[in-house]
Structures are given as C-alpha cells and as structure tokens.
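Q: Return atomic coordinates for the entry below.
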Amino acid sequence: MNFEILDYTHKLTQNLYEGGVSYRYDCPVCGGHNLTVNEATGRWKCWDKDNEEHRKEIVKYLVGDNLTPQKKPVKK
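A: Numbering: from 1, shown residues only. All right, here's what the predicted structure looks like:
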C-alpha cells in the first residue's frame, strides 16, 4: 500500500492556510512549522529538513509500523 498523507492530516497540527489547496502543518518529527501539504495533489514536504530519512520518520510517526490508514474522526 502506498502512503497518502491526506489520510493522516487529521493527526497533524495545522498552523497556516496558504490559500488555494496548500496547508502548512507542524512537523511531528523535527518540530518545525513548515510541513506543507497540497490537498489537491497529495504532495508534501517538510521545508525544515528535506531528505528521504526525515520523510520516512514522518511516515512512521503517522502510520506506525504498518501502512493501514486509520479512519478519520467523524465530525458531529
């Protein structure tokens, strides 16, 4: 299964709406405030520490040891 960050944005702390479809979140791994997610394409990047190992750490933090997405909470 491929990782889709859009299945996990509910676990991130949003700190800024950049307009259009881009959102900025706090990075759960490095603590930076520059994890951007494009909600139209699913592309994402931590601008504070952009390397493959850091991306893997973010994925592991969000999904744990497997890539089965948790259900998003239902808004009441």
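
Q: would you list every one of the helices in the chain?
A: 52-63 (DSSP state H).

Q: That one: strands as residue ranges?
A: 14-17, 22-25, 35-38, 44-46 (DSSP state E).

Q: Can you say which of the ones you listed is nearest to residue 55?
A: Between residue 55 and the strands of the chain, the tightest spacing by Cβ to Cβ is seen for strand 44-46, at 7.4 Å. Backbone N, C-alpha and C define where each C-beta goes, glycine included.

Q: Output the below-cut-off pLDDT ranges for the chain.
A: For the chain, residues meeting the criterion pLDDT under 70 lie at 1, 18, 65-76.

Q: So what's the residue count around residue 58?
A: By other Cβ atoms under 10 Å, the residues close to residue 58 number 22.

Q: repeat for residue 33
A: Neighbourhood size, residue 33 [other Cβ under 10 Å]: 15.

Q: returning to what we had before: distance to residue 54 and mean neighbour count for the strands of the chain - can I get that in CSV?
A: Shown next, in CSV, are the strands of the chain (distance: least, Cβ to Cβ, whole Å; neighbours: other Cβ atoms under 10 Å):
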stretch, distance to residue 54, mean neighbour count
strand 14-17, 18, 12
strand 22-25, 14, 18
strand 35-38, 10, 20
strand 44-46, 6, 19
